[in-house]
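Participant: Provided below for reference: sequence and predicted model.
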Amino acid sequence: MSDVTEQDRQLEAFLDALWLEQGASEHTLAAYRRDLQAWLHYLGKRGLALSAPGPQALPQWLDERRAAGYQLRSNARLLSSLRRFYRWALASGTIDHDPLAEVRLPRVRPSLPETLDEPEVERLLEAPDLDTAIGLRDRAMLEVLYGSGLRVSELVGMTVDAVNLRQGVIRVLGKGDKERLVPIGEEAIAWLERYLRAGRGALMSDITRLPLFPGRGDGFMTRQTFWHRIKAHARTAGIDKPLSPHTLRHAFATHLLNHGANLRVVQLLLGHSDLSTTQIYTHVAQARLEALHADHHPRG
């Protein structure tokens, strides 16, 4: 068996472990695959082995990537992928020494997600036309999204039986098929009740179908369709900031922290497996506080 074949086998075993043990998504697995295949290609051109690339191989490759125009953040993500692979290889006995153990990750300033302030959120929520069934559906979707911090994929894939209005919670199947119960708040509950009473039936030919927020033909709405709906309502609300499908998820987390929520509570609500993923929102909240200080303090 050739060395390249053995290295490819190691890569596939690592990706299988990520999927089996941590429920990594196809998107995550594809990103790891790209990073590791790029590393294998670089090592192969220099006759170096994946298990023992030598102390200078990675620093030299990162230098070449920077010279080629790759951003610092891209290199930091790639190095994170390689470190995770080598930690797995060490733990599984594939190697007896982690060749990257002493390599330091590039320091990268956290990228602050674009979000909306509270008055902008209010304008966005009030944008749908409530005289139409589609408007009632969109208002309920926006309220649930802002009231719960769901991912858009979790929202559009929600079924009727996942909602418990009496208890005020929704059952969410998140990344890695991990299930969690999420409270949605009184406003979202009220709008869901109104939508279920006066909107959903008008949008469906068969209300026994599962989608809570149907798209075409009684089926589930796509993420792309909901994204177009958000952009249309943002125009109606006079919001010209660059938005993303997760803008209201970002606003949910940031506004919770601005009002004193505990970071670990926000982590649980967002469904983050790692607290470090949630910590980005502390930077958003801090940036907001600094802007308020600069605008309103006499010595700002």
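Facilitator: Now that the structure is in, tell me what you want to look at.
Participant: burial count for residue 164?
Facilitator: 13 (other Cβ atoms under 10 Å). From N, CA and C alone the C-beta is placed, and that goes for glycine too.
Participant: Ok, residue 154 next?
Facilitator: Counted with other Cβ under 10 Å, the neighbours of residue 154 add up to 22.
Participant: State the distance from it to residue 220.
Facilitator: Noted for residue 154: a distance of 12 Å to residue 220, by Cβ to Cβ, to the nearest Å.
Participant: And for residue 56?
Facilitator: In terms of Cβ to Cβ, residue 56 sits 51 Å off from residue 220.
Participant: Just want to know which of those two has more residues nearby.
Facilitator: Neighbours were tallied for residue 56 and for residue 220 using other Cβ under 10 Å; the higher tally belongs to residue 220 (18 against 8).
Participant: Look up the residues forming beta bridges with that one.
Facilitator: Taking DSSP bridges as the rule, residue 220 bridges to residue 214.
Participant: So which residue is smack in the middle of this structure?
Facilitator: Nearest to the mean C-alpha position of the chain, counting by Cα atoms, centre = their mean, stands residue 151 at 6.8 Å.
Participant: residue contacts, that one?
Facilitator: For residue 151, the contact set (Cβ atoms under 8 Å, 6 or more residues apart in numbering) comprises 174, 175, 246, 249, 271.
Participant: Nearest spatial neighbour of the first one, chain-adjacent residues omitted?
Facilitator: Right, residue 174. residue 271 (4.2 Å; Cβ to Cβ, 6 or more residues apart in numbering).
Participant: Would you map the strands across the protein?
Facilitator: For the chain, applying DSSP state E gives strands covering 163-164, 169-173, 179-183.
Participant: Most tightly packed of those strands?
Facilitator: Of the strands of the chain, the one with the most neighbours on average (mean count of other Cβ atoms under 10 Å) is strand 169-173, at a mean of 18.
Participant: Would you format the strands of the chain as TSV with distance to residue 196 and mean pLDDT included?
Facilitator: Below are the strands of the chain laid out as TSV (distance: least, Cβ to Cβ, whole Å; pLDDT from 0 to 100):
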stretch	distance to residue 196	mean pLDDT
strand 163-164	9	93
strand 169-173	13	87
strand 179-183	18	85
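Participant: Including distance to residue 60, could these go into CSV?
Facilitator: Formatted as CSV, the strands of the chain follow (distance: least, Cβ to Cβ, whole Å):
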stretch, distance to residue 60
strand 163-164, 55
strand 169-173, 44
strand 179-183, 44
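Participant: And those: which comes nearest residue 93?
Facilitator: Of all the strands of the chain, strand 179-183 sits nearest to residue 93, with 33.3 Å by Cβ to Cβ.
Participant: check contacts around residue 182.
Facilitator: Counted by Cβ under 8 Å, 6+ apart, residue 182 has contacts 148, 149, 150, 169, 170, 172, 269, 271.
Participant: Closest one of those to residue 242?
Facilitator: Nearest member of the contacts of residue 182 to residue 242, counting by Cβ to Cβ, is residue 149, at 20.1 Å.
Participant: Lovely, talk soon.
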